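Colleague: Build me a structure from this.
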Amino acid sequence: MKYVFYFVTGGVVVSSVTYLAGHARGLWAAFLANMPTITALTFITIYMESGPKAVVPYASGLVIMLVPWFSYIFSVILLTPRIGFVPSLIIGIVLYFLVALAIFAIRSFWLT
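Modeller: Residues are numbered from 1 along each chain as shown. The predicted structure is shown next:
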């Protein structure tokens, strides 16, 4: 039952963001998408499943993964006017994974 709750909660957020963005309310859509609601629910569910020791590494991972996320977002912002939405989205996603893989490689190098 808890997974149904997670699924519905995520769907409500995605649907709301899509609705707002589709009605030329991009800033409100971005605000809703970045609200700590989903993150807070994730923290709570991780805490309930595994306790506080699992919450801190997850939160740290979120901060570290901001770097690939920023590369993705800036790719879409900067490239969409130049090459179009779909190519910029694909490049942004590929860049996200490349930067994330670099972070994983650097972390494994430093931890060994």
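Colleague: buried ones in stretch 13-21?
Modeller: For stretch 13-21, the neighbour count (16 or more other C-beta atoms under 10 Å) marks 13, 17, 20-21 as buried. The way it works is simple: take the backbone N, C-alpha and C, and place the C-beta from them, glycine included.
Colleague: middle-most residue in the chain, spatially?
Modeller: Centroid-nearest residue in the chain: residue 69, 6.8 Å away (criterion: C-alpha atoms, centre = their mean).
Colleague: does the closest residue in space to it that isn't next to it in sequence belong to a helix or a strand, and which?
Modeller: For residue 69, the nearest residue in space outside its immediate sequence neighbours is residue 96; the separation is 6.8 Å by C-beta to C-beta, 6 or more residues apart in numbering. Element membership of residue 96 [criterion: DSSP states H and E] is helix 85-111.
Colleague: which helices and strands sit right next to that helix?
Modeller: Judged by 3 or more C-beta pairs under 8 Å, 6 or more residues apart in numbering; DSSP states H and E, the packing partners of helix 85-111 are helix 66-83.
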